[in-house]
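Participant: 3D model of this:
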Amino acid sequence: MTMLATDVMRSSFASIKPTATVLNAVELLLETDQRGLPVIDDAGDLVGMVSEGDFLHRDELGISPPSGNWLESLLGIAENTPERERMRTLQVGSLMSSSPITVDLDASIEDVVTKMDIYNVAQIPVLGAGTVVGIVSRRELLAALARRLREAEKASTGVTS
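Facilitator: Next up, the predicted model:
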């Protein structure tokens with residue numbers, strides 16, 4: 001039986017508008033524990049993705065975050081500094097990837113993993129009728145793998161739940 005993206009996708013997720021500030025996006029990523037955010041315009045259309053990697057070593061922000069939890073390091077930038085002001089004024093639309101890699105509702109897990117590998121992305125939005133209906137990240141794929149392995153182990157030992 002082929003597993004589909006819809007079998008494992010996260011259907012509850014945060015998104016952000018292209019006019020939101022970089023600071024809002026960083027805070028939202030930390031709050032939601034997502035690897036990135038779909039960027040949705042006022043019409044509800046996906047116009048881009050902004051991910052953790054989009055904030056690393058950005059000339060626009062004038063910063064090179066240290067290793068470790070660099071998102072928290074970004075938020076730890078002192079108030080009243082040029083870097084902090086740029087985080088407040090720079091909009092997500094200027095940092096986002098404007099050609100996001102997506103899959104449709106009927107995509108298999110294999111399709112998702114192949115696209116992740118080819119495009120070197122950690123998560124992929126799932127589209128239904130042009131609207132983002134879910135996100136599959138490596139975390140969801142690992143959780144699905146763990147479920148499958150537990151099921152296989154129970155089947156091989158004859159344990160029923």
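Participant: and residue 48, that's in a strand?
Facilitator: Yes. Judged by DSSP: H, G, I helix; E, B strand; the rest coil, residue 48 forms part of a strand.
Participant: look up how far residue 55 lies from it.
Facilitator: Applying Cβ to Cβ, to the nearest Å, the value for residue 48 to residue 55 is 14 Å. In this view, the C-beta of every residue, glycine as well, is placed from N, C-alpha and C.
Participant: same deal with residue 140?
Facilitator: 22 Å.
Participant: give the contact list for the residue nearest in space to the middle of the chain.
Facilitator: Taking Cα atoms, centre = their mean as the criterion, residue 36 is the residue nearest the geometric centre of the chain, at 2.7 Å. Counting by Cβ atoms under 8 Å, 6 or more residues apart in numbering, residue 36 touches 29, 49, 50, 51, 52, 54, 122, 123.
Participant: those, buried ones only, as a PyMOL selection?
Facilitator: Remark: buried members of those, expressed as a PyMOL selection using 16 or more other Cβ atoms under 10 Å:
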select buried, resi 29+49+50+51+52+54+123
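Participant: which one of the contacts of residue 36 is nearest residue 5?
Facilitator: Nearest to residue 5, judged by Cβ to Cβ, of the contacts of residue 36 is residue 123 at 11.1 Å.
Participant: pretty sure that closest one sits against residue 132.
Facilitator: No. With contact defined as Cβ atoms under 8 Å, residue 123 and residue 132 do not form a contacting pair (11.4 Å).
Participant: helices - which of the contacts of residue 36 land there?
Facilitator: Residues from the contacts of residue 36 lying in helices, with DSSP state H as the criterion: residue 29.
Participant: tabulate the contacts of residue 36 (a markdown table), appending pLDDT.
Facilitator: Shown next, in a markdown table, are the contacts of residue 36 (pLDDT from 0 to 100):
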| residue | pLDDT |
| --- | --- |
| 29 | 89 |
| 49 | 94 |
| 50 | 93 |
| 51 | 88 |
| 52 | 82 |
| 54 | 78 |
| 122 | 89 |
| 123 | 92 |
